[in-house]
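# Take this sequence and fold it.
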Amino acid sequence: MSREDAVRLILIEYLDLHNMSLSEFGRRSTVNKATLSKIMNHKHGKIGVSGYILEHIANAMGITLPELEEKIIEVQAAFQKGEIQQKTYTGKDKLVARISEDIKKLDINELKILHSIILDVDKNTLKSLDIILKNMKNMK
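Numbering: from 1, shown residues only. Below is the predicted model of the structure:
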């Protein structure tokens with residue numbers, strides 16, 4: 001497992017644990033969303049994740065850079081021992097996560113409208129739901 005993959009797993013765990021979106025983490029860390037998306041989608045390039053980026057990620061997590069480096073080593077070691085698996089998220093998983101963040105912001109009447117749409121969930125339905133949520137947010 002590469003350092004970048006270990007950082008990705010650490011970020012996924014942190015975001016899940018703190019129920020935080022990648023955008024929110026980006027604002028907190030001052031790392032732009034494009035860079036965070038590259039980490040989360042395995043698009044590191046030949047250089048990898050710089051120490052500067054790691055320092056900002058560590059600060060946003062409330063830990064020091066050496067503590068993050070230690071976590072990276074621990075994740076890599078656990079992966080080598082077979083104790084953890086690399087998580088891979090599909091486009092559908094990412095879409096569901098984004099939709100769930102938007103749903104939290106809706107009132108009861110808007111949720112009732114969405115209930116009928118969600119009854120038959122597939123990828124096309126999720127895309128439609130995403131469009132509807134964006135339109136509802138724009139109407140407010």
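
# Give me the residue at the spatial middle of the protein.
By Cα atoms, centre = their mean, the chain has its centre lying nearest to Leu22, at 4.6 Å.

# Enumerate every residue touching it.
Going by Cβ atoms under 8 Å, 6 or more residues apart in numbering, Leu22 touches Leu15, Lys33, Leu36, Ser37, Met40. Backbone N, C-alpha and C define where each C-beta goes, glycine included.

# so which of the residues you listed is the most crowded?
Counting neighbours by other Cβ atoms under 10 Å, the top entry in the contacts of Leu22 is Leu36, with 21 neighbours.

# any idea how far Ile12 is from it?
11 Å (Cβ to Cβ, to the nearest Å).

# Go through the helix or strand where Glu70 lies and flag the buried ones.
In this assignment (DSSP states H and E), Glu70 forms part of helix 65-80. Within helix 65-80, the residues scored as buried using 16 or more other Cβ atoms under 10 Å are Leu68, Lys71, Ile72, Val75, Gln76, Phe79.

# again with stretch 102-109
Buried positions in stretch 102-109, judged by neighbour count with 16+ other Cβ under 10 Å: Asp102, Leu106.

# measure it end to end?
Taking Cα to Cα, to the nearest Å, stretch 102-109 runs 14 Å from one end to the other.

# Does the helix holding Glu70 pack against any helices or strands, and if so which?
Helices and strands touching helix 65-80, by 3 or more Cβ pairs under 8 Å, 6 or more residues apart in numbering; DSSP states H and E, are helix 3-17, helix 51-61.

# between that helix and helix 51-61, how many degrees?
Taking axes from the mean of the first three to the mean of the last three Cα atoms, to 10 degrees, one finds helix 65-80 and helix 51-61 inclined to each other by 90 degrees.

# Turn the contacts of Leu22 into a markdown table, columns for pLDDT.
Shown next, in a markdown table, are the contacts of Leu22 (pLDDT from 0 to 100):
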| residue | pLDDT |
| --- | --- |
| Leu15 | 86 |
| Lys33 | 83 |
| Leu36 | 86 |
| Ser37 | 83 |
| Met40 | 83 |
